[in-house]
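Asker: Model the structure of this input:
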Amino acid sequence: MLNSTQVSYFTLAAYFDTGVFKYLYFLIILAFYIAIVCSNVFLIVVICMNRSLHEPMYLFLCSLFVNELFGSTGLFPFLLVQILSDIHTVSAPFCFLQIFCLYSYGGIEFLTLAIMSYDRYLAICYPLQYNTRMTPNKIAKLTALIWIYPILINIFIVACLTVPLQLCGNIINKVYCDNYYVVKLACSDTTVNNIFGLCHMFTVIFGLILLILYTYMRILKVCFSGSKQTRRKAVSTCTPHLASLLNFSFGAFFEIVQGRFNMSRVPNMLRIILSLYWLTCQPLFNPVLYGLNMTKIRIICKSLGKRM
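Answerer: Numbering: from 1, shown residues only. From the prediction side, this is the model:
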């Protein structure tokens, strides 16, 4: 029986021989990564350099864009190396580090989107009290919560729950390291892992889902009973956020389904695309969604384009 300290590496079994096409895949992934870095960095700079954008909504957006850089950097450089490699292995410490980065990215993303829902709820349902409710001190606390909680919880999951497990194998059927697949390799009792996962899901994830549903129900109520100007404001500010939220939810759903159900009948390439969807589509689409739909950002970007 092997334990986690004796497993020096993991083999990523989802990769397959692509021949000369691996260079094409490498260029596609590299283009995606460059697009993600350039677009997110550009919008972060735009928000930070323009005082007119130093409002709660744009500060939370800035945090969202920073997280896109964090998550994509935890994935794309690794993918680029693995695509060109003939031996798809990863050291155990790096594997656990990638698990921490990707799971932290997912937690930060979902928590940010939930808090942005709350922010839109206050702005639309309580416009006259918005500035007194969403104070700079409250924004700082919410931003700290967005980053500190997922990071601490994932340090605990990886260091205290996953690393100590006794493992009977080292083959992960994915193109990157995944905590669920590592736990599936365990020979030892995983009851604590399962109980913690269920408790975390019901208390935190379902709690955030209820918060999002409540805020949008109230927003819809105000839209139906309010003026055209109120409806226009709600649509312009909530549409990109709702699109981002649905995109992330679908990606997470695909990932959960693929891990929990038998997907052997699904073509390998499609399984790889579905497993990468939630990690690649958000960093790619969020800058486009918010850059094109948020009026202030669009105006500033156009003025910058004219100057250049």
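Asker: wait, residue 11 sits on residue 174?
Answerer: No. In this structure residue 11 lies outside contact range of residue 174 using Cβ atoms under 8 Å: 10.7 Å. Heads up, the C-betas are built off the backbone N, CA and C, glycines and all.
Asker: okay, these two: which has more neighbours?
Answerer: residue 174 (20 against 14; other Cβ atoms under 10 Å).
Asker: Now name the helix or strand holding the residue nearest to the more buried one when sequence neighbours are not counted.
Answerer: With sequence-adjacent residues excluded and distances taken as Cβ to Cβ, 6 or more residues apart in numbering, residue 174 is closest to residue 14, at 5.0 Å. Using DSSP states H and E, no element contains residue 14; it sits outside every helix and strand.
Asker: what about residue 14, neighbour count?
Answerer: With other Cβ under 10 Å as criterion, residue 14 counts 17.
Asker: Check what contacts the helix or strand where residue 223 lies and list those residues.
Answerer: Assigned by DSSP H and E, residue 223 falls within helix 206-225. The contact list for helix 206-225, computed with Cβ atoms under 8 Å, 6 or more residues apart in numbering, reads 110-111, 113-114, 117-118, 120-121, 124-125, 230-231, 234-235, 238, 242, 245.
Asker: still on that earlier bit, does the residue nearest to residue 174 touch residue 171 like I think?
Answerer: No. Counting by Cβ under 8 Å, residue 14 does not reach residue 171; the two are 10.0 Å apart.
Asker: Residue 223: how many residues sit nearby?
Answerer: 18.
Asker: Which pLDDT does the model give it?
Answerer: pLDDT for residue 223: 80.
Asker: Distance check, it against residue 241.
Answerer: Distance, residue 223 to residue 241, using Cβ to Cβ, to the nearest Å: 14 Å.
Asker: quick revisit: filter the contacts of helix 206-225 down to the ones in strands?
Answerer: Among the contacts of helix 206-225, no member is found in strands (DSSP state E).
Asker: Of the residues you listed, just the buried ones, ChimeraX syntax please.
Answerer: A single ChimeraX command suffices to select whichever of the contacts of helix 206-225 are buried according to 16 or more other Cβ atoms under 10 Å:
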select :110,111,113,114,117,118,120,121,124,125,230,234,238,242,245
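Asker: can you list the residues that contact stretch 255-267?
Answerer: 178, 180-181, 271, 274-275, 277-278.
Asker: Now do the same contact list for the residue nearest in space to the middle of the chain.
Answerer: Nearest residue to the geometric centre of the chain (Cα atoms, centre = their mean): residue 106, 3.7 Å. By Cβ under 8 Å, 6+ apart, the contact list for residue 106 reads 71, 150, 252, 278.
Asker: Which stretches in the stretch 101-250 of the chain count as helices?
Answerer: With DSSP state H, counting those that start in this stretch as the criterion, the stretch 101-250 of the chain has helices at 130-133, 136-156, 179-184, 191-200, 206-225, 228-260.
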